[in-house]
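1. Quick one, what's the 3D model for this:
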Amino acid sequence: MRIGELARRSGVPVPTIKYYSREGLLPPGERTSPNQVAYDDNHVRRLKLIRAMLEVGGLSIAAAREVLAEVDSPHRTVHGALGVAQSAVTRSAAERGDQADWERAEAEVSDLVRRHGWAAKPENPGWQALVQIVVTYRDLDRGDLLVLLDKYATAAGELAVAELAALADAPSTDGKVEGVVLGTVLGDAAMSALRRIAQEDASARLPGSRRTA
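-> Model (predicted):
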């Protein structure tokens, strides 16, 4: 198909398709003449994946490029794709403040990981993000909120098992890799959305709250 048909079928404007191609997100089409390039259904699928990561998952162009490079790698694995996707959706930890505060938080996160029996390492991008959250709670004198971490961990552990189990039926490595990428990138967005809906409901049920139709 020509680029105009690709734009129609994918819902992505021609200038944006060209931009994604320049940025290395979209593989080039097949040049059929000096002035024409042909695309196929794989390009339609790729554009939908790019839009999902950028517009729904909220990734930057650079982060999406890194994730897609892993998807395209001939040596890709589900575990490797998971790590790349996790790094893409996790903000880098801010500059450390008081060393003692960070060491205390590191120990607390390590204890939490052990309590839940997780085979995870401090290099996991989520580990350092959680350390920073613990430091921030204490810096704001809201250590009382730390009791929620075990509840978060329990829910996260159950969800992680369910997510990876859902990939077992994928018929190919391609399907599994794409599934773990979408499950990580869009799964974060889905959990944020569901949590906001649940919070509204829970808040409305508090004594003294007014529930409106």
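2. pretty sure Arg138 contacts Trp102?
-> No - counting by C-beta atoms under 8 Å, Arg138 stays clear of Trp102, with 10.5 Å between them. From N, CA and C alone the C-beta is placed, and that goes for glycine too.
3. So, low pLDDT: which residues of the protein?
-> Low-confidence segments of the chain, defined by pLDDT under 70: 92-97, 210-213.
4. the helices in it, which residues?
-> 3-10, 14-22, 41-51, 61-72, 78-89, 99-115, 125-139, 148-166, 173-204 (DSSP state H).
5. Let's have those in a markdown table, adding distance to Thr32 and mean neighbour count.
-> Formatted as a markdown table, the helices of the chain follow (distance: least, C-beta to C-beta, whole Å; neighbours: other C-beta atoms under 10 Å):
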| stretch | distance to Thr32 | mean neighbour count |
| --- | --- | --- |
| helix 3-10 | 12 | 16 |
| helix 14-22 | 16 | 15 |
| helix 41-51 | 14 | 17 |
| helix 61-72 | 23 | 18 |
| helix 78-89 | 33 | 19 |
| helix 99-115 | 54 | 14 |
| helix 125-139 | 43 | 18 |
| helix 148-166 | 40 | 13 |
| helix 173-204 | 26 | 15 |
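6. could you redo the ones you listed as TSV and give each row distance to Ser33?
-> Shown next, in TSV, are the helices of the chain (distance: least, C-beta to C-beta, whole Å):
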stretch	distance to Ser33
helix 3-10	13
helix 14-22	18
helix 41-51	18
helix 61-72	26
helix 78-89	36
helix 99-115	58
helix 125-139	46
helix 148-166	44
helix 173-204	31
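7. tell me the contacts of the closest residue to Lys121 other than its chain neighbours?
-> Leaving out its chain neighbours, the residue that sits closest to Lys121 by C-beta to C-beta, 6 or more residues apart in numbering is Trp127, at 7.3 Å. In this structure, Trp127 makes contact with 109, 113, 120-121, judged by C-beta atoms under 8 Å, 6 or more residues apart in numbering.
8. from memory Arg65 sits against Leu26, does it?
-> No - at 10.4 Å, Arg65 and Leu26 do not qualify as touching, with contact defined as C-beta under 8 Å.
9. do you know how far His43 is from Ala81?
-> 21 Å (C-beta to C-beta, to the nearest Å).
10. Then Asp188?
-> 15 Å.
11. One more: Val109?
-> From Val109 across to Ala81, the span is 24 Å (C-beta to C-beta).
12. and what of Gly11?
-> Distance of Gly11 to Ala81, computed by C-beta to C-beta: 25 Å.
13. what does Ala202 give?
-> Applying C-beta to C-beta, the value for Ala202 to Ala81 is 34 Å.
14. residue contacts, the residue nearest to the spatial centre of the chain?
-> When C-alpha atoms, centre = their mean is applied to the chain, the residue found nearest the centroid is Val185 (2.5 Å). For Val185, the contacting residues are 52-53, 56-57, 59, 67, 85, 88-89, by C-beta under 8 Å, 6+ apart.
15. same thing but 6 Å
-> 53, 57, 85, 89 (C-beta atoms under 6 Å, 6 or more residues apart in numbering).
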